[in-house]
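**Q** Build the 3D model from these lines:
(chains A and B)
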Protein chains: 2
Amino acid sequence: MRRIRLVVQYKGNAYAGWQVQDTGIGVQEVIEHELFRITGENIRIHASGRTDASVHALAQVVHFDTNSRIPAAKFPYALNVSLPPDIRIIYGDEPKNPEFHARFDAISKHYRYVILNTAHNSAFHYDTALHIYSELDRELLVQAANQIIGTHDFHAFMAAGTSVKSTVREIFLSKWTFDNNLLIYDIEGSGFLYNMVRIIVGTMLDIARRRLDISCIQEAFQTGDRSVLGATAPAHGLFLTGVRYNDFNSEDYIDVQAI
Amino acid sequence: MRRIRLVVQYKGNAYAGWQVQDTGIGVQEVIEHELFRITGENIRIHASGRTDASVHALAQVVHFDTNSRIPAAKFPYALNVSLPPDIRIIYGDEPKNPEFHARFDAISKHYRYVILNTAHNSAFHYDTALHIYSELDRELLVQAANQIIGTHDFHAFMAAGTSVKSTVREIFLSKWTFDNNLLIYDIEGSGFLYNMVRIIVGTMLDIARRRLDISCIQEAFQTGDRSVLGATAPAHGLFLTGVRYNDFNSEDYIDVQAI
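**A** Below is the predicted model of the structure:
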């Protein structure tokens, strides 16, 4: 048995998320189906983490074990032949450590959220960016993003009903980039709670529209109360941009950005 | 009756082209259907020109006449409510000249062709860029593009079976921009023959892959022979970027680029 690592890119709109759901097909099963086609094996792939329905990935990481003799670097070509065009394998290798684990070895994840702040939506980006026509105070977005940086208890920034041991996470990067009408938010951290990025973004947007005061972020850190924060931003603006390991960063294999 | 001018953006993949075809629905009829919904009138819209199936537009221009009292600037909002998301009206006005004609008054058109030169296609751009994995000589692309500039008889650069009075056209702009793995070709001219941009691009690509010698361009100008040129490049990489009039350039209303 050999362990193979792949970097996977997908446009999430057509899928019920990474995993198979009652509500539709998952990206995982589509890839597993093609792995069966080329290896004849029932392979279970393990991702760095799940993504929700309509969430995209620029460079998701997966690993799996196989007896197939297909060279690791050939898997992208062999799979891309018959994968749907909204799922692409952009890299494959055999990790040096044969115990490499896409989920447990991840040391940080990078997400991006894209907003189109224009009068009318774009005929090209409507399913890969959140369109907002109302005015956003960009200075407030920057101030709010800065408050996210550091080690905090993100209990309030978590979908109700989730259970985890600890809700403390460290955020290294929390930064807006403004490119005319495109507002791009990048966040990188040691780990993320369920819906955490989308609640952070939804809250920043409510602050920038002056529906919430910026003090709600510190209040949320102190109280852990979800109700002081803004709405959960829609899934289709969110990208898993990359996953970092000790000796591997999946972002390095992105050829072309999504927007 | 008032004359209204709109700037229309569309992602062409789902449509049989601008006009209604036996093979599927046209962008034109989709917009006319929504105009009927909001005005109650059977309105015929006139575009700057047709586009083929799968060709996109960043800023197509149309005009039409109506007795409706809807202010011109409100048409985009009223139509976008129920247009499919891959068609957006991004601007509306009443031209100063009440005889304004989207097709006959156009003084130049700007097209763009987008190529993704990567090992694997993108999960995000597969339907708005041509993916080429083989190596392209960028210096040859630049040289070939330069030969297109000027006034030439483009008879050879026209789909077979087309009939027009004159095949002489003037090209003002013919330029490649390289942004890492994205190769973007911009061409602007007084007018274009049927399939002209796609034949120019297909020929440049064959030159850059060394399947054709660059001398074929001059030979085509002199002989008018389609057979010395390269293949017609696929439609899905092509964008009508803008239409210029004496006092109006539709490109000015593009909020966000497609790629």
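
**Q** got the residues of chain A near chain B?
**A** A:9-11, A:56, A:76-77, A:80, A:85-90, A:116, A:118-128, A:180-182, A:255-256, A:258-259 (C-beta under 8 Å from any C-beta of the partner chain). From N, CA and C alone the C-beta is placed, and that goes for glycine too.

**Q** where along the stretch 101-250 of chain A do the strands fall?
**A** Here the stretch 101-250 of chain A has its strands, by DSSP state E, counting those that start in this stretch, at A:108-116, A:130-131, A:150-153, A:168-179, A:182-189, A:238-245, A:248-249.

**Q** Just name the most buried of these.
**A** Most buried of those by mean neighbour count (mean count of other C-beta atoms under 10 Å in any protein chain shown) is strand A:238-245; its value is a mean of 25.

**Q** who does that one pair up with?
**A** strand A:56-66 (parallel), strand A:108-116 (antiparallel), strand A:248-249 (antiparallel) (DSSP bridges).

**Q** What's the separation between the closest residue to A:Asp255 other than its chain neighbours and A:Ala129?
**A** If the residues on either side of it in the chain are set aside, A:Asp255 comes closest to B:Thr118, at 4.1 Å by C-beta to C-beta, 6 or more residues apart in numbering or on different chains. Using C-beta to C-beta, to the nearest Å, B:Thr118 is found at 22 Å from A:Ala129.

**Q** So for the two, which residue has more residues nearby?
**A** More crowded of B:Thr118 and A:Ala129, by other C-beta atoms under 10 Å in any protein chain shown: A:Ala129, with 25 against 20.

**Q** thinking again about what came up before, need the strands paired with strand A:238-245 in CSV (columns: mean pLDDT).
**A** Formatted as CSV, the strands paired with strand A:238-245 follow (pLDDT from 0 to 100):
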stretch, mean pLDDT
strand A:56-66, 98
strand A:108-116, 98
strand A:248-249, 98
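
**Q** A:Gly224 is nearest to which of the ones you listed?
**A** Nearest of these to A:Gly224, taken as C-beta to C-beta: strand A:108-116 at 21.8 Å.

**Q** secondary structure class for the residue lying farthest from the centre of chain A?
**A** In chain A, the greatest distance from the average C-alpha position (C-alpha atoms, centre = their mean) is reached by A:Arg69, at 31.4 Å. Three-state call for A:Arg69 (DSSP: H, G, I helix; E, B strand; the rest coil): coil.

**Q** Would you mind measuring from it to A:Thr39?
**A** With C-beta to C-beta as the criterion, A:Arg69 and A:Thr39 are 9 Å apart.

**Q** Tell me the spacing between A:Ala47 and A:Tyr10.
**A** 11 Å.

**Q** Does the residue nearest to A:Asp255 touch B:Ser134 like I think?
**A** No: with contact defined as C-beta atoms under 8 Å, B:Thr118 does not reach B:Ser134; the gap is 11.0 Å.

**Q** Low-confidence bits of the stretch 151-259 of chain A, can you list those?
**A** Along the stretch 151-259 of chain A, no part satisfies pLDDT under 70.

**Q** Repeat the analysis, applying 90 as the threshold.
**A** Segments of the stretch 151-259 of chain A classed as low confidence (criterion: pLDDT under 90) are A:160-164, A:258-259.

**Q** Do I have it right that A:Leu229 meets A:Met158?
**A** No: contact criterion C-beta under 8 Å: A:Leu229 and A:Met158 do not qualify, at 10.2 Å.

**Q** so what sits against both of those two?
**A** A:Ile199 (C-beta atoms under 8 Å, 6 or more residues apart in numbering or on different chains).

**Q** before we move on, back to that, can you name the residues that contact the residue nearest to A:Asp255?
**A** Contacts of B:Thr118 by C-beta under 8 Å, 6+ apart are A:255-256, B:131, B:133, B:181.

**Q** Pull up the gap between A:Gly17 and A:Ala129, please.
**A** Distance from A:Gly17 to A:Ala129, by C-beta to C-beta: 19 Å.

**Q** And chain A, split by domain according to the record?
**A** With automatic domain parsing as the criterion, the domains of chain A are listed as A:2-105, A:108-240.

**Q** can you tell which of those domains is closest to B:Val62?
**A** Of those, nearest to B:Val62 by C-beta to C-beta is domain A:108-240, at 14.6 Å.

**Q** Next up, the contacts around A:Ala119.
**A** Going by C-beta under 8 Å, 6+ apart, the list of residues near A:Ala119 reads A:133, B:76, B:90, B:255.

**Q** mind checking which helix or strand the second one is in?
**A** What it means is B:Pro76. helix B:75-80 (DSSP states H and E).

**Q** Only the C-alpha atoms, please, for that helix, written as CSV.
**A** Taking C-alpha atoms only, helix B:75-80 is exported to CSV below (Å, rounded to 0.1, in the frame of the first residue of the first chain):
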residue,chain,number,x,y,z
PHE,B,75,-34.7,49.4,-16.6
PRO,B,76,-31.5,47.6,-15.4
TYR,B,77,-33.1,47.2,-11.9
ALA,B,78,-36.5,46.2,-13.2
LEU,B,79,-35.1,43.6,-15.6
ASN,B,80,-32.4,42.2,-13.4
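
**Q** tell me the mean pLDDT for it?
**A** Averaging pLDDT along helix B:75-80 gives 98.

**Q** Mind checking what helix or strand follows it in sequence?
**A** strand B:87-93.

**Q** Name the member of the contacts of B:Thr118 with the most neighbours.
**A** A:Val256 (23 neighbours).

**Q** phi, psi of that one?
**A** phi -140, psi 130 (degrees, to the nearest 10).

**Q** How about it, nearest residue that isn't a chain neighbour?
**A** B:Ser122 (5.1 Å).

**Q** try A:Gln147
**A** A:Ile217 is the one closest to A:Gln147 (C-beta to C-beta, 6+ apart), at 4.7 Å.

**Q** Tell me which residues touch the one you found, please.
**A** A:144, A:147-148, A:203, A:207, A:229.

**Q** wouldn't A:Ile199 be in contact with A:Ser227 here?
**A** No: when contacts are counted by C-beta under 8 Å, A:Ile199 is not listed as touching A:Ser227 (11.5 Å).

**Q** For the two, indicate the residue with more neighbours.
**A** The residue with more neighbours, out of A:Ile199 and A:Ser227, is A:Ile199; 23 against 9, by other C-beta under 10 Å.

**Q** Against A:Leu205, how distant is that one?
**A** 11 Å.

**Q** what's the overlap in contacts for these two?
**A** A:230, A:233.

**Q** Quickly note the distance from the spatially closest residue to A:Gly224 that is not a sequence neighbour to A:Ile149.
**A** Nearest residue to A:Gly224, sequence neighbours excluded (C-beta to C-beta, 6+ apart): A:His155, at 3.7 Å. Using C-beta to C-beta, one gets 18 Å for the distance from A:His155 to A:Ile149.
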